[in-house]
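*Asks:* build me a model from this:
(chains A, B and C)
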Amino acid sequence: MLKLKVKSILIMAIIALSILNPLFMSMPVAMAADDDELSFEMWTLDWDTISVDAGDVIEQMLRDIGIRMKAIPYSDEVLYDNLDLEHDYEVYEMSGGYDPYPSHMTPRFHSNEIMDYGANDMAYDNPAVDALLDQANAELDFEDRVELLWEVQDLIAEDLPYIPLFTSDDVHAIRKEWTGYVCMPGGIFNWYNRLTTINLQHEDQEYGADFIMAYPSFIRYYNPIMGTDGRSALIVSMVYDDLVAYDADMNLTPWLARAWTVSEDGLTITFTLVEDAKWHDGVDLTAEDVKFTIDFYKDQDVPYDTALMSRIDSVETNGDYTVIVHMTEAYAWAINDFEDVPIMPKHIWEGKDWDWAVHPDMMPIGSSAFKWDSYLDGEWIKLVANPDFWMEDKPHLGSFTVRVISESSARYLAISTGEVHSDRYELDTGFIETADNDPNLAPLEDTWCVGMWDYYINFNQRTNPALQDPVVKKAIAHAIDKNRLVEIARLSYGTVTDTYITPAFFGPAYENPDATTYEYNVFLANQMLDAAGYLDIDADGIREMPVAAPDEEEESPIEAETIEELQEELTAMSASLTDATSQITSLEADIEALSSRVNSSLNMAYGLGAVALLVAVIAIYYAMRR
Amino acid sequence: MGFKEYVGKRTLHGIITIIMAITLNFILFRIMPGDPTRAVSGDPRVDTATRLALIAKFGLDRPLIEQFALYIYNLARGELGISFVQIGRPVIDIILGRKMINTIILMGSSMFIAFSLGIIFGVIAAWRRGTKMDVSFIVISLATYSMPVFWFGMLLLLFFSYYINIFPIAGTITPGIVHPNFIEYTKDYLHHLMAPMITLGVSFFGGYFLFMRDTILDVFTEDYMLTARAKGLSNRKILFKHAMRNALLPMVSLMGVHITFLISGATMTETVFSWDGLGRLIYDSVRNNDYPVLQGIFLFMAVLVVVANILADIVNAYLDPRIKEAAE
Amino acid sequence: MTSTPERVQRERFSTSVRRFKGFWSLYKTSRIGMFGLSLVFAFLVVALITPWIAPYDPRALVGGPFQPPGEGHVLGTDQIGRDIFSMLLWGSRISLMVGLLASTFSVAIGTAIGLLSGYFRGPIDSILMRITDLFITLPSIPLMLILAALLGRSVWNIIFVIAITGWTSTARMVRSQTLSIKERPYVEAARSVGAKDSQIMFRHILPNIIPLIFANAIVGIVNAILNESGLSFLGLGDPTKPSWGLILRYANEVGAMATGRLWFIIPPGICIMLITIGFAFSSYSLDQILNPRLRERRG
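*Replies:* Below is the predicted model:
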């Protein structure tokens, strides 16, 4: 009888062991804190497949140099929340987005922008860079400005607060029966590409056609000031006018202001407005509205367009159609920044807060080519052509409907079958091949434009000390094969960016052949990390932080009188320091090795423990059946 | 016990359950890691003035007991806080609106399909017990029950929206179109409802089918069936008059339990088909950490399920002659 | 109690073996059950030998993106070049582990609650039953979503969350069984001889409901696997583990359906389906055996 019982228990134990053990082995039990090693969490944007894919590829590439970069996708609410307000991420990888001119340099790198909702979310603080940026912003001469910006780029490239990766090309899926769209860097559909929305037309119907565009999710804000995200901004740009706009070559062109002059010293800008502009409710648009808008921004300290507004001293009107802006200092990008300010109706916004929810039955009143017709919150928005638009014979469309289709496949299929006509954003990587062969769509080379979404890896300078060490960041830069990254994550429909101002987007004038760049060289990366003391002590494939040298700051042991004696003393000291350091390093290494062995055997113990527990339970059960 | 007493007791149980759900809701969102006020007002997206107003309204600076009392008081007034994502919108508006209607219609129609399929196939299978038909029905129902709901939806989309364009791809209605009258609107809506409804209904009919079949087979072996046969009734008559009626009763209370499964399935289905309902709202709110909306939905669902269960049990009790007779 | 002589022990043991053999021979006659069981074993075996048969590291980039099934990649590659076949193999471990562990935990919780509730009755019963009611009415996926969001994304959280929401049916079943067994004569006899409550619960009641608990556990595995893949599909699973639901999520995100990349969509779904069918068929047959009325109707 004993034999039977033992046999059955043995059989069960073997089964349990063999099932549970390997399953447990595959589960990495939480090891000691990853603060001691080069292990980071890299946040990616979950609805942006390029961000997620690039993140995964980078994670694999960095394994080659012993750095663990865990790519974890998060929703944009959580991500932006952290970037804007909580500031405790470690690394993130996603795209920032360019404006038509290199306006991103100041917000991203100037230390003044380290604040809530500021664009310098990595807390990069370099006074030399600050000074150069301030200079560049006041430099009215274009070429001089470019030179200054090149200097800034090289300085930043030494610190590498973020590593530029690539811009994704904007290939759009649009049904072939539509024409009139204009390709500009940034894509055919973009908030500063006003030419497309007013010229878009059906090939068989020059006026009055109904265009339907698919959106991945609903717009974030109905409020024109806050609607700066891609989804909201397109609608804002169709409903509200700005003083100026861009043409197909990214040059400034008149819009609501049919002409403007800038004084020699840059302190006075005079805009002359078009005279037949009306608000959608019939009221005339005059210089009063422009003055009101600028005053509104300034009086309420609106946290948008601050670069421009903080440099404006006062605004006055001269008659109904002339606006005179007095600046506090010369600002190189003044007119460009005005392209970003939606002119708002005084008779509606007077007395309101800038973050007025404008929701939901309040049809936003603007002055531009399209006006709000109807909407269904969360599902669609319909704009109709403004028959009183101040530009002759524009727009060509009769209506513009935005429809939310959250699934990317559904969006693509909707375009292919004609349920919608295009997408707000460029084609997802997975669909490019199919779209190329789809007879219903316009050929991809017609819709191909340089993209505005620049992807980069951003290192938070606040959280992890390893991320403040330029050696680590440079090694990472050397370890990423950007060409391969673009090949895999974007199927080659992307342009590698090596500098902070991309000539491919901003124009060949910005091309600097001597710029500091980091070429793909894994060997060099490994060497750099080795030399700096980041060694993989416990042989788990991840480098550990270097052991710090003991502090000698209590009292200065230097007793030398002359420079030579000082040098000798320092040499002697550093020699003994190095000895002490290496002794400590090897000691620490031993401890590390031991503790890691304990950890991995902890793993083993965990698994075996569970098995033992199971066996014990079964044994007790049988025992109690007696 | 009598029918009225049963109703009373059942309702009391339901009320207790709802109270517990409310309490659980309160506790769950207050014990989360980090700042306990996060769930109501502590999110950075809320501006200062609104945050202060919320702190006052929900008493977030007072001890937990007072908070709980205020919470109940606000609940009674329909005040559930404001959403973090759709800034400024009261949670109660977001929930009690189109989304709720869309989800209820989806769930109701799917349940109807699952129920009908379950009854029809269950009866046939029980009738032809042991035959190939029976076995194949069992296999089919187990197989569809085992399919992940979202995958089934994806397959439907693949075959009936991509390859053959029968069903629309997403949404509740074709957008931007102003329908001339209510009939057109309904037709469009139903057209969009088809695919999600089929997905959800087919995925769940397995449970009903097996239950129906088992119950009918059970009934066939009851003593009173022998009596019926002795009386000379044909098998068919037995089936319809006695078996089905008796089998339908427990099915009703099963429906009550199944509502929870339906809600889970609806969440996935709505995500796959972009059906603008509470399920998708849950998913979006979870992704975006929109805690006030989550709390609101949680409560709403708990109340919905409890009420549905109570109704199902009461109907069951009303129809079940055994309980009725016990009253007399 | 004094220890019973060896002869009695031997008899008791061989009785349980005979009972087990009885179950087994009944079970063997059910084709559905055997088919299910063989599926389960197949997956178990595959999960165990995965480290030896998986051609590639599931997280490594080993091919070009979106490669259809062909040389080197039996089932092609995903959007950035990971081998799908390897991901499927490693994913079987996740599904099995989550399924088994979550079900075990939920059955344990349910049994404990059901047993205590049914045995002691009175106020304990009322409280526990109200709690059970509460958890029954809470829809599992939304609750799981909320808990997953609060607790973070790791496999253990998923297991915990599934266990927490799945114990109610076991609790109810155990309670009703306990209620009926409690009234049986031998339990009365035991109590009259002065047996302690725990002894009665563990030696008399529990052994009789083990088969039913086991059946419940199998059903629990079905739900656990489906829930886990659902949570992963919605993006709340552990992003570092190649669960089948996660593969389907990728497939959905990159439009594998719209672009005809069937090798991405169909295999993971079929895997989930097969493993679930395996357990579902087994549980169906078990149910048939254990339900006494159905058993009497044999023939």
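*Asks:* heading C-terminal from whichever helix or strand residue B:52 is part of, find the next helix or strand.
*Replies:* Element membership for residue B:52 (DSSP states H and E) is helix B:48-58. Next along the chain after helix B:48-58, taking DSSP H and E as the criterion, comes helix B:64-76.
*Asks:* chain center to that following helix, what's the gap?
*Replies:* Chain-centre distance of helix B:64-76: 28 Å, with Cα atoms, centre = their mean, to the nearest Å.
*Asks:* what is that helix packed up against?
*Replies:* helix B:3-30, helix B:48-58 (3 or more Cβ pairs under 8 Å, 6 or more residues apart in numbering or on different chains; DSSP states H and E). In this view, the C-beta of every residue, glycine as well, is placed from N, C-alpha and C.
*Asks:* closest to chain A out of the ones you listed?
*Replies:* Closest approach to chain A among the helices and strands packed on helix B:64-76 is made by helix B:48-58 (9.3 Å; Cβ to the nearest Cβ).
*Asks:* now the residue nearest to the spatial centre of chain B. Nearest residue, chain neighbours left out?
*Replies:* Geometric centre of chain B, nearest residue: residue B:259, 3.4 Å, by Cα atoms, centre = their mean. Among residues not flanking residue B:259 along the chain, residue B:308 sits closest, at 4.7 Å (Cβ to Cβ, 6 or more residues apart in numbering or on different chains).
*Asks:* may I ask which helix or strand encompasses residue A:426?
*Replies:* Going by DSSP H and E, residue A:426 is not in any helix or strand.
*Asks:* looks like residue C:111 contacts residue C:169 (just checking).
*Replies:* No - between residue C:111 and residue C:169 there is no contact under Cβ atoms under 8 Å: 11.5 Å.
*Asks:* okay, these two: which has more neighbours?
*Replies:* Neighbours per residue, other Cβ atoms under 10 Å in any protein chain shown: of residue C:111 and residue C:169, the larger number sits with residue C:111, 24 against 19.
*Asks:* so what does that one look like in phi/psi?
*Replies:* Dihedral pair for residue C:111: phi -60, psi -50, per degrees, to the nearest 10.
*Asks:* dump the residue contacts of the closest residue to it other than its chain neighbours.
*Replies:* Distances taken as Cβ to Cβ, 6+ apart put residue C:174 closest to residue C:111, at 5.2 Å, once the chain neighbours are dropped. Listed by Cβ atoms under 8 Å, 6 or more residues apart in numbering or on different chains, the contact set of residue C:174 reads C:110, C:111, C:113, C:114, C:115, C:118, C:209, C:212, C:213.
*Asks:* ok, the fourth one - contacts?
*Replies:* Going back to what we said before, that points to residue C:114. C:170, C:171, C:172, C:173, C:174, C:175, C:177, C:178.
*Asks:* try it again with 10 Å
*Replies:* C:128-129, C:132, C:167-179, C:209, C:213 (Cβ atoms under 10 Å, 6 or more residues apart in numbering or on different chains).
*Asks:* buried ones among those residues?
*Replies:* Buried subset of these (neighbour count, 16 or more other Cβ atoms under 10 Å in any protein chain shown): C:128-129, C:132, C:167-175, C:177-178, C:209, C:213.
*Asks:* pick out the most distant pair among those residues.
*Replies:* Within those, C:129 and C:213 form the most distant pair, 18.5 Å apart (Cβ to Cβ).
*Asks:* then residue C:257 would be within a strand, right?
*Replies:* No - assessed with DSSP: H, G, I helix; E, B strand; the rest coil, residue C:257 is coil; it does not lie in a strand.
*Asks:* does residue A:497 touch residue A:503 like I think?
*Replies:* Yes - counting by Cβ atoms under 10 Å, residue A:503 is a contact partner of residue A:497 at 9.3 Å.
*Asks:* can you tell me the closest non-neighbouring residue to whatever residue of the stretch 101-250 of chain C ends up closest to chain A?
*Replies:* Minimum separation of the stretch 101-250 of chain C from chain A (Cβ to the nearest Cβ) falls at residue C:239, amounting to 5.5 Å. Taking Cβ to Cβ, 6+ apart as the measure, residue C:239 lies nearest to residue A:72, with 5.5 Å between them; neighbours along the chain are not counted.
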